[in-house]
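>>> Quick one: sequence plus predicted model below, questions after.
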Amino acid sequence: MKKKNSVQQSGQLIIEAILIMTLFFGIAVLIKQKFSDKNIVGAMVAKPWGQISGMMSNGVWKPEAQGRELHPQANIFSREGD
């Protein structure tokens with residue numbers, strides 16, 4: 001009788017594990033759909049990229065087009081004494 005109860009417990013454990021894995025898989029699929037529908041990851045990368053590309057190109061923390069005139073070499077001929 002003890003052995004039969006043990007087998008039933010292990011069967012119940014497997015069923016519960018499968019249900020929990022199914023639940024987590026469903027939640028993961030829903031989260032992935034929300035992220036791809038709203039383009040959340042793309043927005044998180046694109047917005048700061050404008051500032052970073054400006055810093056790489058011009059040496060100032062502004063978007064590339066705005067920071068171009070602030071680059072030290074942009075006004076090299078307009079400085080006094082040169």
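Everything's here; your move. Numbers count the residues shown, from 1 in each chain.

>>> When you work out contacts or count neighbours from here on, use the C-alpha atoms and nothing else.
OK.

>>> Show me where this structure dips below the pLDDT cut-off.
Within the chain, the stretches with pLDDT under 70 are 1-4, 74-82.

>>> Closest to the mean position in it, which residue would that be?
Nearest to the mean C-alpha position of the chain, counting by C-alpha atoms, centre = their mean, stands V41 at 4.3 Å.

>>> Show me how the record splits the chain into domains.
1-38, 39-82 (automatic domain parsing).

>>> most packed of those domains?
domain 39-82 (a mean of 13; mean count of other C-alpha atoms under 10 Å).

>>> which phi and psi does H71 have?
Phi and psi for H71, reported as degrees, to the nearest 10, are phi -70, psi 140.

>>> Is it in contact with V60, as I believe?
Yes: counting by C-alpha atoms under 8 Å, V60 is a contact partner of H71 at 7.4 Å.

>>> could you show me where the helices are in the protein, in order?
2-38, 40-58, 64-67 (DSSP state H).

>>> And the shortest one, what does it pack against?
Which is helix 64-67. helix 40-58 (3 or more C-alpha pairs under 8 Å, 6 or more residues apart in numbering; DSSP states H and E).

>>> Between helix 2-38 and the helix it packs on, find me the angle.
50 degrees (axes from the mean of the first three to the mean of the last three C-alpha atoms, to 10 degrees).

>>> Please give me every residue in contact with G54.
60-65, 67-68 (C-alpha atoms under 8 Å, 6 or more residues apart in numbering).

>>> From those, pick the one nearest T22.
P63 (45.2 Å; C-alpha to C-alpha).

>>> Hmm, that closest one is touching S53, no?
Yes: taking C-alpha under 8 Å as the definition, P63 is a contact partner of S53 at 6.9 Å.

>>> Ramachandran angles for V60?
phi -130, psi 150.

>>> residues in contact with the residue nearest to the centre of the chain?
F35.
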